[in-house]
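Chemist: Let's see this in three dimensions:
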Amino acid sequence: MIEEVSNGNLEAANRRLQVVSHLPILQANEEVKKLADTYFVAINLPERARLDASHLAMAVWHRLDYLLSWNCKHIVSARVRKIVQELNQQRELLTPILCTPTELMEI
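Modeler: Residues are numbered from 1 along each chain as shown. Just a heads-up that it's a prediction; the model follows:
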């Protein structure tokens with residue numbers, strides 16, 4: 001999702017790109033897309049937030065330990081955590097810890 005990191009103010013985008021430059025780029029496949037569609041519907045996200053469902057699906061499919069986001073409406077909320085956890089339990093998928101960077105750093 002390099003596109004998102006590249007958006008906005010050019011100087012800030014360049015700083016973000018430098019921060020993530022050493023991270024591996026995860027690949028989407030048909031299963032990730034199906035899982036994202038499932039989350040999109042179950043969470044009842046607006047169309048403009050479809051990419052948020054993709055973030056969740058990528059993190060789950062690639063078995064990440066954490067998914068960090070400042071998006072407390074569409075990703076890091078108790079409601080979304082519960083829905084994702086229940087869907088993943090049904091599919092025998094692990095759910096990453098959904099939290100803000102601040103929560104992860106225990107600040």
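Chemist: next helix or strand past the helix or strand encompassing residue 57?
Modeler: Take DSSP states H and E as the rule and residue 57 turns out to sit in helix 50-61. Using DSSP H and E, the helix or strand that follows helix 50-61 towards the C-terminus is strand 66-68.
Chemist: quick check, distance from that next one to the centre of its chain.
Modeler: The chain centre lies 7 Å from the centre of strand 66-68; the measure is C-alpha atoms, centre = their mean, to the nearest Å.
Chemist: Quick one: list the elements packing against it.
Modeler: helix 50-61, strand 97-99, helix 101-105 (3 or more C-beta pairs under 8 Å, 6 or more residues apart in numbering; DSSP states H and E). For glycine as for every other residue, the C-beta is placed from the backbone atoms N, C-alpha and C.
Chemist: out of these, deepest packed?
Modeler: helix 50-61 (a mean of 21; mean count of other C-beta atoms under 10 Å).
Chemist: tell me the mean pLDDT for that one?
Modeler: Confidence for helix 50-61, expressed as mean pLDDT, is 95.
Chemist: Any stretches of the chain with poor pLDDT?
Modeler: Applying pLDDT under 70 to the chain flags residues 1, 107.
Chemist: As a markdown table, the helices and strands packed on strand 66-68 with distance to residue 85 would be great.
Modeler: Below are those laid out as a markdown table (distance: least, C-beta to C-beta, whole Å):
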| stretch | distance to residue 85 |
| --- | --- |
| helix 50-61 | 10 |
| strand 97-99 | 9 |
| helix 101-105 | 17 |
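Chemist: All set, thanks.
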